[in-house]
Structures are given as C-alpha cells and as structure tokens.
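> sequence and predicted structure, then a few things I'm wondering about:
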Amino acid sequence: MTLAPSLSGDLARDPFADLKLQPPDALLSLIKAYRLDPRPTKIDLGVGVYRDGRGATPVFHAVKAAEAELLAAQDTKAYLGPEGDLGFLDHLSELVLGEGVDTSDLVGMQTPGGTGALRLAAEMAAMARPGTRIWLGTPTWPNHPQIFEQAGLTLQTYRHFDPATGAVDFEAIREALHRAQPGDLVLLHGCCHNPTGADFTAVQWKQVNALVLERRLIPLIDLAYQGLGLGLDEDAAGPRALFAAADNALIAYSCDKNFGLYRERTGALFARARWHADTVRSTLHFLARCAWSMPPDHGAAAVRLILQSPELSRLWRAELTAMRERLAAMRAAVAAALPALEPVRGQHGLFSLLPLTPHQVEALRRDAGVYMAGSGRINVAGLNEANLSDFIAALSAVGL
Ligand code: LMR
C-alpha cells in the first residue's frame, strides 16, 4: 500500500492535495435519503420530477411510440456534429420561439440537458468578456450560481420573491435592472419559477422586457418547464417577445420535464446574435467540442419524431395538458386545506416555496417522513389524493 504524502504543499507528489471535499448536492442527496427511509407513509416532495396521482413518473406514451419508431428505423449511430440533431433543433425552435420565427441570426445547439445549455451560454459570455456580470433573482435553482461562477461569470443578486405576498418582488427586479450595466447578463426563469413558482404576470413580462432592452442587457432565459404552467404558448409568451426584440439573447431549454426525458439529458441552447451569428455559432461549436464533443442523441431523436408527427404531437400535448391540470388541481387543494398556503394556488409549475424554517423542514422529515428541499421548496407533483391530508397534518404539527 502506498501512503499519501503528508505534506499537502508537495504538489508534485500529491497533485490533488489542495482540492477540498465538496458538500454533497442538497437536492440530489434528497433522492437517496428518501429511498433509505423505510416508513411506508413517507412523502417525496424533493427533487423536481413530475409524479402522477399514483406517485409514479411514467415514460410518456408519445415518447414510447417515438422510441419504438427509433428502434425500428434508426440505421446508424455514427456521429452527428457538435450542434446535434438539426431536425430536433428546427422543430424545437418553433415550439419555443413560435412559428415563423426569424432564423437569420439564430443559432441552435443541442445540449446535454438544460444544464449543458446554461453552462455553454455562461462559458461563451465569459470567453467574450472575462468576468461578465450576471444578475440572478434569489432564491433561484441552487445549481445556477455554481454553474455561472465555475464558468467565470461574476454574480450579482437581487430579491425575486416576496414571502409576504408569495409573488414576485417586482420593485426589486426593476431596481436591479436599472443598476445593471449594458452588456451584463440577466437570468430570467421563463416560467414555473424554481424554487418559488412565482412567475411574472403578462404585464410584468412587458415591463421587464422593456427594461432589459432599454438597458441593453443580455437576457439568458432558463426555460425548463414549458407547458407545465399555463400552457405551451402562454408559458413561452414573455421569453418569445424578448427574444424577438433583443439583438442578443439566449434561451437555455430543457426537455426533462415536459417530455419526461430526465436521464436522457435532452436540451438546447438558442442564441440570437444580431451582428455576430457566425462567430457565436463557431464559438459554441468549439466550446461544446471541448466539453462533450457531441450531445447524447436518443432523447433529442425521440423529441424530433414527436414534434414532426401531428399524431404523436397531439398525444404528447394531451399528456402534458393532463400533467398541468393535475398540478393546478393539487395547488388548489393545498390552498383550500391550509389558509397559510393560499399563495400556492396562484403559483405555477412543479414548485412552491413554503414559509418554513430549516428547523421545521428538518422536523417534517424526521417526524413525518415528509421530504422537501431545505429551503422549504416542495415539488407539488409529489402530492396526491392519498397523501394530501397527511401532508397538511404534518405541516400543522410543525406550527404552520
Ligand atoms: C430540481 O430543481 O429539483 C430539478 O431541476 C432537478 C435538479 O437537477 O436539480
């Protein structure tokens, strides 16, 4: 057995000595903690995965049909380019940006999930201008700040959410956008805000878009839940308007939730670059080649087959509608059950942030087997008719 050198400074002999243990990812750790809990009454409101009324996360029927077609018809697995499946990108760009979108200065890249798209966007911004600032409303998905920092961006934060109203703190974002400097990035959640569920209203989107354009900021829109809020078109309306009007804009898109493709890592980055589309395209190809060379194919190929087939598209849209309606029904049931949770009704998507202290979150887990993020974020899809009353009773027991 070789003993590790004791001197951490001796980098030649011990090159990894200065690395630090990273804290385990809080959201991903919840999956494991829930799995290990033997209590049959446990409730999983942790990681953002859609669940049906029986608590399952089934593969969409539309995806199954597309996969069957792929299995029968795919005749090669030879490489695609760094931009991935062009048919996927064409069809997805229409879904995201609307039909008839101006594609003359549009660059599309298939990416490994929405995370890949965020990372690619951040790396490009840092390469264009090292240390570029990015404005984040807080709280946000905990992976956002670390992705952007690791890519070399400088974080600026403002308050997105007002716990007193359960809605957006609109004054805070207006003030932040006024403070931001031309060329700064601003991260916007396209819909179904993670972790609060508090989205901009249509009127607020108009005001945000006007400010972003006036201040010449670069919007980076994280659109990971299209169709799970108010509808496919409704959820994309604000981002579409901004993308259409901006000279430079980025959308990081995920098919994880709305196609149920989580582990297939299916996403895309769309960049609008009015004057430098060719340079942006070549930069994104280069960065993708350095990071993953080419994105995984399977999920994107399935999405392409769904979006290009009217029949599979109908089936997929119907499945997505059922998910959205179930989420809205659970939100209404939660709000009706506990007056303190009334804001949950008007929030959108998978998540709501409950007014709980870390101590209460811990007690819920320990005493009632209710698993949620430490921030008090719940995945509304983890609730169903069978567990709702237990959940409400557990909340009352910790004083909500
Ligand atoms: C979540 O926020 O729970 C999901 O987006 C899953 C993840 O990767 O964090």
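Thanks, I have it.
> quick check on W141: phi, psi?
Main-chain torsions, W141, degrees, to the nearest 10: phi -60, psi 130.
> so who does the nearest residue to it once chain neighbours are set aside touch?
Excluding the flanking residues, the one nearest W141 by C-beta to C-beta, 6 or more residues apart in numbering is N194, at 4.6 Å. C-beta coordinates here come from the backbone N, C-alpha and C atoms, glycine included. Contacts for N194 (C-beta atoms under 8 Å, 6 or more residues apart in numbering) come out as G48, T140, W141, A224, Y225, G349, L350, F351, R377.
> and those as TSV, adding secondary structure?
Below are the contacts of N194 laid out as TSV (DSSP: H, G, I helix; E, B strand; the rest coil):
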residue	secondary structure
G48	coil
T140	coil
W141	coil
A224	coil
Y225	coil
G349	coil
L350	coil
F351	strand
R377	strand
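> reformat these as a markdown table; add neighbour count, pLDDT and distance to Y34.
Converted to a markdown table, the contacts of N194 look like this (neighbours: other C-beta atoms under 10 Å; pLDDT from 0 to 100; distance: C-beta to C-beta, whole Å):
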| residue | neighbour count | pLDDT | distance to Y34 |
| --- | --- | --- | --- |
| G48 | 22 | 95 | 13 |
| T140 | 19 | 98 | 23 |
| W141 | 22 | 97 | 19 |
| A224 | 27 | 98 | 22 |
| Y225 | 29 | 98 | 22 |
| G349 | 31 | 98 | 21 |
| L350 | 27 | 98 | 16 |
| F351 | 26 | 98 | 17 |
| R377 | 25 | 97 | 14 |
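> so which of those also contact the ligand?
Taking C-beta under 6 Å from any ligand atom, the overlap between those and the neighbourhood of the ligand is G48, W141.
> nearest to the ligand among the contacts of N194?
G48 (3.0 Å; C-beta to the nearest ligand atom).
> how far does the biggest helix by length in the chain sit from its chain's centre?
If you go by DSSP state H, the chain has its longest helix at helix 310-337. How far helix 310-337 lies from its chain's middle: 18 Å, per C-alpha atoms, centre = their mean, to the nearest Å.
> show me what that helix is packed up against.
Applying 3 or more C-beta pairs under 8 Å, 6 or more residues apart in numbering; DSSP states H and E, we find helix 310-337 packed against helix 61-73, helix 298-308, helix 343-346, helix 388-397.
> could you say which helix or strand contains the closest residue to M323 other than its chain neighbours?
Using C-beta to C-beta, 6+ apart and skipping residues adjacent in sequence, the residue nearest M323 is Y50, 5.7 Å away. Applying DSSP states H and E as the criterion places Y50 outside every helix and strand.
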